[in-house]
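*Asks:* Need a 3D model of the sequence below.
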Amino acid sequence: MYHKYKILVLLSCLLSVIVVGLGAYTRLSDSGLGCPDWPGCYGFLTVPTHADLQSVTKHNLPDSDMVFEPAKAWKEMIHRYFAGALGLLLLAILFFSLFIKRHFLKQQALHNINASQGIIIPLKLPVLLVILVLFQAVLGMLTVTMQLQPLIVMGHLLGGFAILSLLTLLYLRLRTTPLLTKSSFVAHYFSWCVTALLVLLIQIALGGWLAANYAAPYCAGLPLCSGGWSAGDWQQNFSILDVFQLPAASSNYEFGVLSAQARMSIHLLHRFWAIFTFMVILVVAMRIYWLSRCQKTKNSALLVITLLVCQVLLGVFLVYWTFPISIALAHNLMAAMLLLSLIRLTYYVKLSPLPRNTPTGVPHLTVSSGEN
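*Replies:* Prediction:
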């Protein structure tokens with residue numbers, strides 16, 4: 001039973017990756033309003049035919065001026081189908097967790113087993129995942145009903161990354177045992193890993209803000225928009241205030257409503273923070289790789305470094321080849337993989353014991369075998 005539970009969590013992780021990828025593809029292919037209503041499409045649970053559309057559109061969407069494009073509508077609906085399936089799996093995980101927890105508590109009571117020796121069944125994470133996926137559904141509805149309002153679109157993207165991250169953390173908790181075989185000498189770097197995670201999350205949020213405002217084409221040169229550091233007019237046009245400027249009220253935010261200067265500033269800040277993110281993650285991962293004596297932790301750090309380099313290269317190719325959808329989609333998915341690999345490394349560092357000669361005054365990191 002417990003083995004099946006772990007398989008269910010793993011399948012949910014894989015499905016979550018697919019949902020994030022489909023969401024990115026829907027956004028990048030400008031299909032976010034392929035169906036102007038929610039949760040169906042022009043009043044149907046699937047994409048209607050032209051004949052169906054002509055007979056019901058005036059009744060279902062009397063105020064809609066959207067042009068029906070079946071290809072975009074199917075992209076949007078397929079994303080919704082997979083997202084709905086993920087929601088059902090997360091609900092199943094919660095019920096499975098409650099059932100297994102109750103079963104093992106009964107076994108412990110009947111056989112007088114110490115609770116600390118039982119199998120870990122997290123409950124808080126499944127509850128949080130169900131709450132998050134419900135909130136994500138609301139954001140998905142608002143994305144459509146508010147006509148791709150950038151704040152909603154960015155929040156929807158971050159919600160997908162949050163679900164994927166928590167599912168990964170849940171799977172790690174179910175299958176990982178404490179790394180007690182060898183002292184890794186990296187336990188002190190847990191706060192460094194958390195800092196790197198926060199820096200990466202800011203970069204992902206900036207990428208979401210860039211995509212939500214359709215700012216990618218407004219900075220098409222390398223390394224900066226018009227060439228070198230002193231080339232072009234980016235110094236005069238860049239404004240940090242424009243980056244966080246909220247879009248003006250509009251009936252439709254598709255293709256963006258901010259000024260060209262604001263979009264260029266958004267894109268440039270994403271690049272500047274990418275350099276800072278690269279340096280922070282690289283230093284943390286390399287430091288852990290050099291110090292660790294645990295092969296699992298070393299491999300995790302090496303994976304982070306590899307994905308980090310791949311992500312930077314994809315960003316360069318994305319600009320050099322003028323933002324093709326395939327590279328942009330790979331850039332989104334690589335960001336997700338980098339986040340998950342960094343979460344995995346952080347988790348292993350937390351499990352690593354402190355060396356025996358830990359100096360006095362250095363706090364010890366303890367890992368509970370119970371619920372976190």
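
*Asks:* so Val304 touches Ser341, yeah?
*Replies:* Yes: using Cβ atoms under 8 Å, Val304 makes contact with Ser341 at a distance of 4.8 Å. Using the backbone N, CA and C atoms, a C-beta is placed for each residue, glycine as well.

*Asks:* For these two, indicate the residue with more neighbours.
*Replies:* Higher neighbour count among Val304 and Ser341: Val304, with 29 against 22, using other Cβ atoms under 10 Å.

*Asks:* can you tell me how far the spatially most central residue of the chain sits from Ala212?
*Replies:* The chain has Phe161 as the residue nearest its centroid, 1.8 Å off, counting by Cα atoms, centre = their mean. Distance, Phe161 to Ala212, by Cβ to Cβ, to the nearest Å: 14 Å.

*Asks:* What values do phi and psi take at Ser326?
*Replies:* With angles defined as degrees, to the nearest 10, Ser326 sits at phi -60, psi -40.

*Asks:* And the pLDDT at it?
*Replies:* Looking at Ser326, its pLDDT is 96.

*Asks:* Now for it: which residues touch it?
*Replies:* By Cβ atoms under 8 Å, 6 or more residues apart in numbering, the contact list for Ser326 is empty.

*Asks:* Identify the contacts common to Phe161 and Ala212.
*Replies:* Common neighbours of Phe161 and Ala212 (Cβ under 8 Å, 6+ apart) do not exist.

*Asks:* And for stretch 28-45, what's in contact with it?
*Replies:* 25-26, 47-48, 52-53, 56-57, 59-61, 64, 66, 68-69, 71-77, 80, 84, 140-141, 143-145, 147-148, 153, 211, 252, 254-255, 325, 328-329, 332.

*Asks:* Among those, name the buried ones.
*Replies:* With burial judged by 16 or more other Cβ atoms under 10 Å, the buried subset of those is 25-26, 47-48, 53, 57, 61, 66, 68-69, 72-77, 80, 140, 143-144, 147-148, 153, 211, 328-329, 332.

*Asks:* For the stretch 51-200 of the chain, just list every one of the helices.
*Replies:* Using DSSP state H, counting those that start in this stretch, the helices of the stretch 51-200 of the chain run over residues 70-111, 124-145, 150-175, 190-212.

*Asks:* Glu76 and Thr26 touch, don't they?
*Replies:* Yes: Glu76 is within contact range of Thr26, at 5.7 Å (criterion: Cβ under 8 Å).

*Asks:* Does the residue nearest to the centre of the chain touch Gly21 like I think?
*Replies:* No: applying Cβ under 8 Å, one finds Phe161 not in contact with Gly21, separated by 11.8 Å.

*Asks:* okay, now the domains of the protein?
*Replies:* When the chain is parsed with automatic domain parsing, its domains come out as 1-175, 179-372.

*Asks:* okay, now Ser259: neighbour count?
*Replies:* When neighbours are counted by other Cβ under 10 Å, Ser259 comes out with 14.

*Asks:* Not counting its neighbours along the chain, what's nearest it?
*Replies:* Asp242 (7.5 Å; Cβ to Cβ, 6 or more residues apart in numbering).

*Asks:* To which secondary structure element is the one you found assigned?
*Replies:* Taking DSSP states H and E as the criterion, Asp242 maps to helix 240-243.

*Asks:* which other residues reach that helix?
*Replies:* Trp209, Leu258, Ser259, Gln261, Ala262, Ser265, Ile266, Leu269.

*Asks:* Tell me the buried residues within those residues.
*Replies:* Neighbour counting with 16+ other Cβ under 10 Å marks Trp209, Leu258, Gln261, Ala262, Ser265, Ile266, Leu269 as buried within these.

*Asks:* Pipe the contacts of helix 240-243 into JSON lines and attach pLDDT per row.
*Replies:* Below are the contacts of helix 240-243 laid out as JSON lines (pLDDT from 0 to 100):
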{"residue": "Trp209", "pLDDT": "96"}
{"residue": "Leu258", "pLDDT": "93"}
{"residue": "Ser259", "pLDDT": "91"}
{"residue": "Gln261", "pLDDT": "90"}
{"residue": "Ala262", "pLDDT": "92"}
{"residue": "Ser265", "pLDDT": "93"}
{"residue": "Ile266", "pLDDT": "95"}
{"residue": "Leu269", "pLDDT": "94"}
